[in-house]
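S.K.: what follows is a predicted structure for the sequence shown.
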Amino acid sequence: MSLRQLLYSDLARQHELAGWPDRRPNFLRFLARLLHYRFLPIVLYRVSRSALLTGIPLLPSLLAYLNLVLFGLEITPRCQVGPGVFFAHTSGTVIGATRMGSNVTVFGGVTLGAKELDMGFDPTLRPEVGNNVVLGAGSKILGPVRIADNVTVGANAVVLHSVEANTTVVGIPARKIEVAKVTHG
């Protein structure tokens, strides 16, 4: 996907999750939403990733640092993030994964990274996150683990092993739980 398409997908997900009624707002409303504190960190990340992929020196690091200073979000441009990412809160969040899939929701204080010091960003030491994943506030995903599709990681859970699809994990260390299905009738 192009940078423009990725940003459009991210903004569309913002609309969906925030409950903004109009899909095609007027220009001033669009600009206000574009500069919204939950969306601007995504824009900074996307531009830094694009600069990294096109080989522009220094700009990816500068934009990543700006994201950290302004929003408290430390996200490496080396992490490939699919469309529709949503950061509920950015403060204290560290994204040092190799990949995050589509429609991932990240709450505040989440850490995705290596279990040991890795200044050179070795992908074999880093986690990978699938599609439609929810990372609860304060959760930690550490090491070369794979979080499959449709997983919910509970608040403050510490994930040290891979998690299979369509599950919820909680606790320290994280373990799978059964979630009761709620029916409305």
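M.R.: Now that the structure is in, tell me what you want to look at.

S.K.: pLDDT of stretch 118-131, averaged?
M.R.: Averaging pLDDT along stretch 118-131 gives 91.

S.K.: this protein: helices as residue ranges?
M.R.: In the chain, helices defined by DSSP state H lie at 3-18, 27-34, 40-54, 59-71, listed in chain order.

S.K.: what packs against the last one?
M.R.: Contact analysis of helix 59-71 by 3 or more CB pairs under 8 Å, 6 or more residues apart in numbering; DSSP states H and E lists helix 40-54, strand 73-75 as its packing neighbours. Where you see a C-beta, it was placed from the backbone N, CA and C, and this is true even at glycine.

S.K.: run through who's touching the last one.
M.R.: Outside of strand 73-75, the residues that reach it under the criterion CB atoms under 8 Å, 6 or more residues apart in numbering are 41, 45, 64, 67-68, 81, 87, 90-91, 93-96.

S.K.: redo those as JSON lines? Include distance to Ala114 and pLDDT.
M.R.: Below are the contacts of strand 73-75 laid out as JSON lines (distance: CB to CB, whole Å; pLDDT from 0 to 100):
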{"residue": "Pro41", "distance to Ala114": "22", "pLDDT": "93"}
{"residue": "Tyr45", "distance to Ala114": "19", "pLDDT": "96"}
{"residue": "Ala64", "distance to Ala114": "17", "pLDDT": "96"}
{"residue": "Asn67", "distance to Ala114": "20", "pLDDT": "95"}
{"residue": "Leu68", "distance to Ala114": "18", "pLDDT": "95"}
{"residue": "Val81", "distance to Ala114": "18", "pLDDT": "97"}
{"residue": "Phe87", "distance to Ala114": "21", "pLDDT": "92"}
{"residue": "Thr90", "distance to Ala114": "21", "pLDDT": "91"}
{"residue": "Ser91", "distance to Ala114": "22", "pLDDT": "90"}
{"residue": "Thr93", "distance to Ala114": "16", "pLDDT": "96"}
{"residue": "Val94", "distance to Ala114": "11", "pLDDT": "96"}
{"residue": "Ile95", "distance to Ala114": "12", "pLDDT": "96"}
{"residue": "Gly96", "distance to Ala114": "7", "pLDDT": "93"}
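
S.K.: show me the shaky parts of the chain.
M.R.: Filtered on pLDDT under 70, the chain yields the residue ranges 20-37, 182-185.

S.K.: deepest-packed of the helices and strands packed on helix 59-71, please.
M.R.: strand 73-75 (a mean of 24; mean count of other CB atoms under 10 Å).

S.K.: name the strands paired with that strand and say parallel or antiparallel.
M.R.: Sheet pairing of strand 73-75 (DSSP bridges) gives strand 93-95 (parallel).
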